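Visitor: Sequence and predicted model, in that order:
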Amino acid sequence: MEKDEQKVSHWFDLEPDQSIEGLVIGEGDQQRTYVITTEAPTGKEWVHDRWPLILPARP
């Protein structure tokens, strides 16, 4: 989900063979998830200039 400049949410589905690159850091209840971002895909810049990095899913 990405929010545009007017804070309107837009949902985008991943394909079954895709995943979002991220990093989980911390221990126990003090964990944080950081999503790796890249430039928006062509045609999606109107939503947001940064986009989650989408990669092939790992087995």
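Guide: Structure received.
Visitor: contacting residues for Pro41?
Guide: When contacts are counted by Cβ atoms under 8 Å, 6 or more residues apart in numbering, Pro41 is found next to Trp51. Placement of C-beta: from N, CA and C, glycine included.
Visitor: what do you get for Glu27?
Guide: The contact partners of Glu27, taken as Cβ under 8 Å, 6+ apart, number zero.
Visitor: what's the helix or strand hosting Tyr34 packed up against?
Guide: Using DSSP states H and E, Tyr34 maps to strand 32-35. Here strand 32-35 touches strand 22-25, going by 3 or more Cβ pairs under 8 Å, 6 or more residues apart in numbering; DSSP states H and E.
Visitor: and the strand it packs on, which strands flank it?
Guide: Sheet pairing for strand 22-25, assigned by DSSP bridges, gives strand 32-35 (antiparallel).
Visitor: partners of the next helix or strand after the strand holding Tyr34 in the sheet?
Guide: Next helix or strand after strand 32-35 toward the C-terminus (DSSP H and E): strand 37-39. Paired strands of strand 37-39, with direction, are strand 50-52 (antiparallel) (DSSP bridges).
Visitor: tell me which residues in the strand it pairs with are buried?
Guide: Judged by neighbour count (16 or more other Cβ atoms under 10 Å), strand 50-52 contains these buried residues: Trp51, Pro52.
Visitor: quick one, what contacts the closest residue to Ala57 other than its chain neighbours?
Guide: Of all residues not flanking Ala57 in the chain, Ser19 sits nearest, at 4.4 Å (Cβ to Cβ, 6 or more residues apart in numbering). Ser19 sits next to Ile54, Leu55, Pro56, Ala57, Arg58 when contact means Cβ under 8 Å, 6+ apart.
Visitor: Among those residues, find the lowest-pLDDT one for me.
Guide: Ranked by pLDDT, the contacts of Ser19 bottom out at Arg58 (78).
Visitor: Now do the same contact list for that residue.
Guide: Contacts of Arg58 (Cβ under 8 Å, 6+ apart): Ser19.
Visitor: that older thread, relative to the whole chain's centre, how far out is the strand holding Tyr34?
Guide: Relative to its chain's centre, strand 32-35 lies at 10 Å (Cα atoms, centre = their mean, to the nearest Å).
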